[in-house]
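Participant: fold the stuff below for me.
(one chain, ligands or ions: 1)
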Amino acid sequence: METQHTQTYLVTGGAGFVGSHLCELLLTEGHQVLAIDNLSTGRLENIAALLKHPRFHFARASITDEIVMDRMAAQSDVIIHLAAAVGVRLVIEQPVHTLETNIMGTEAVLKSALRYRCRVLLASTSEVYGKGSKIPFSEADDVLLGPTAIARWGYAASKMVDEFLGLAYHHEYGLDVTPFRLFNTVGPRQSSRYGMVIPKFVQQALRSEPITVHGDGQQTRCFCDVGDVIRAIYGLAQVPDTTGQVFNIGGDEEISILELANRVKDLTDSASEIRLIPYTDVFAVGGFEDMQRRVPSIERIKAHIGWQPQRDLNAILQGVIDYEVAALNP
Ligand code: UDP
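Facilitator: Residues are numbered from 1 along each chain as shown. A predicted model of the protein is given here:
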């Protein structure tokens, strides 16, 4: 088989959960990797092992810092733009930061990419499907967002603007841009601080605290291992015909949140009580709406790069449990 030539990748949000795993993969594949992160939610520990790598360079800076972004884009073939405000809790508690980071940040990345004609892989989210009820969610489906009074929809709208902007740069300027929508992604290094359910349930179970299920727990999600997700992103970056199209990336095993709580409790052998928390008690400000079901269609990415998730939910959960146990007993 012909060996893939090495390239220089710029990963924005490179010290984040997905970003740090992606940087590792790109280094393993022999590429030069530049990472930029302002460490607002990313953590230096996530990339501690990479900092000494001769093909890895890290800049602690915001993507809106034009001088740093320009210098890094000038050296890059491909930009994988992951830097964003994410996590339901963060989005609700810091709506201004969320909108400004996501919209102005992406604009800054696209402008730099255009100057040097870098290829761009642009992270979006399954939140853009909003309250749509057609299951599974396909990339060409209509979207249905709730009212502007609810901060969560501002996050969804900001990522839609990112997609629109990216596709506009593609259509108007011929820039190679591929937006991809991440569904619930899990794995080691994911923080529970911003609302992510699996690290939160695992930590609660390990500490014998109540496992807090929102609502009646009948809402469902499909979880995908971060190792599978980064393979998908890398795969999209490797083939030219994905440009100008949007791709879902997500797991296809649907589970209710109540069942997830029970699964975590069993796997950790925990004595925790499972407690149902009414939505009205979850977030004090910003209003809140949850999605009942969220299931991706992964037909498009399968057809283009032959990707499908390989790790099932039990293996994913075991990986997070091992990581959280190690974090509790350093
Ligand atoms: N959730 C929960 N308890 C928690 C945190 C989250 O029941 O302590 C629920 C949340 O309401 C949602 C699901 O778990 O229905 C997934 O939440 P997460 O914030 O991980 O991601 P989302 O899919 O909402 O973006």
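Participant: low-confidence bits of this protein, can you list those?
Facilitator: Where the chain drops to pLDDT under 70, the residues are 1-4, 284-287.
Participant: do that again at 90, thanks
Facilitator: Applying pLDDT under 90 to the chain flags the ranges 1-5, 86-93, 132-133, 150-152, 191-195, 240, 279-290, 327-330.
Participant: any idea which residue sits dead centre in it?
Facilitator: residue 182 (5.3 Å; CA atoms, centre = their mean).
Participant: my read: that residue touches residue 250, true?
Facilitator: Yes. Between residue 182 and residue 250 there is a contact at 7.0 Å, judged by CB atoms under 8 Å. For the C-beta atoms, the positions are set from N, CA and C on the backbone; glycine is no exception.
Participant: about what we covered before: identify the bridge partners of the residue nearest to the centre of the chain.
Facilitator: On the basis of DSSP bridges, residue 182 is bridged to residue 125, residue 249.
Participant: and residue 256, what is it in contact with?
Facilitator: Listed by CB atoms under 8 Å, 6 or more residues apart in numbering, the contact set of residue 256 reads 217, 218, 219, 220.
Participant: show me these that map onto strands.
Facilitator: In this view, the contacts of residue 256 that belong to strands under DSSP state E are residue 220.
Participant: weed out the non-buried ones from the contacts of residue 256.
Facilitator: The neighbour count (16 or more other CB atoms under 10 Å) marks 217, 219, 220 as buried among the contacts of residue 256.
Participant: overlap in contacts, residue 182 and residue 250.
Facilitator: Shared contacts of residue 182 and residue 250 (CB under 8 Å, 6+ apart): residue 126.
Participant: on that earlier part again, how about the contacts of residue 256 in TSV, adding distance to residue 22?
Facilitator: Converted to TSV, those look like this (distance: CB to CB, whole Å):
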residue	distance to residue 22
217	32
218	33
219	29
220	27
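Participant: what's the farthest-apart pair in the contacts of residue 256?
Facilitator: The most widely separated members of the contacts of residue 256, counting by CB to CB, are 217 and 220 (9.7 Å).
Participant: what do the two both touch?
Facilitator: With CB under 8 Å, 6+ apart as the test, residue 217 and residue 220 both reach 256, 257.
Participant: circling back: let me see the contact set for the residue nearest to the centre of the chain.
Facilitator: Residues in contact with residue 182 (CB under 8 Å, 6+ apart) are 18, 123, 124, 125, 126, 229, 249, 250.
Participant: who touches the residue in the stretch 51-200 of the chain positioned nearest to the ligand in this structure?
Facilitator: For the stretch 51-200 of the chain and the ligand, the shortest gap (CB to the nearest ligand atom) falls at residue 197, measuring 3.5 Å. Contact analysis of residue 197 by CB under 8 Å, 6+ apart lists 184, 221, 257, 260.
Participant: quick one, phi psi at the closest residue to the second one other than its chain neighbours?
Facilitator: Put plainly, it is residue 221. Excluding its sequence neighbours, the residue lying closest to residue 221 (CB to CB, 6 or more residues apart in numbering) is residue 184, at 4.8 Å. Per-residue torsions, residue 184: phi -60, psi 110 (degrees, to the nearest 10).
Participant: need the contact list for residue 184.
Facilitator: Residue 184 touches 126, 197, 221, 222, 223, 224, 250, 251, 294, counting by CB under 8 Å, 6+ apart.
Participant: and residue 12, bridged to which residues?
Facilitator: Per DSSP bridges, the residues bridged to residue 12 are residue 36, residue 81.
Participant: just checking, it touches residue 79?
Facilitator: Yes. Counting by CB under 8 Å, residue 79 is a contact partner of residue 12 at 6.9 Å.
Participant: okay, and the common contacts of the two?
Facilitator: The contact lists of residue 12 and residue 79 share residue 109, where a contact means CB under 8 Å, 6+ apart.
Participant: how far is stretch 194-212 from where the chain is centred?
Facilitator: In terms of CA atoms, centre = their mean, to the nearest Å, the centre of stretch 194-212 is set 20 Å apart from its chain centre.
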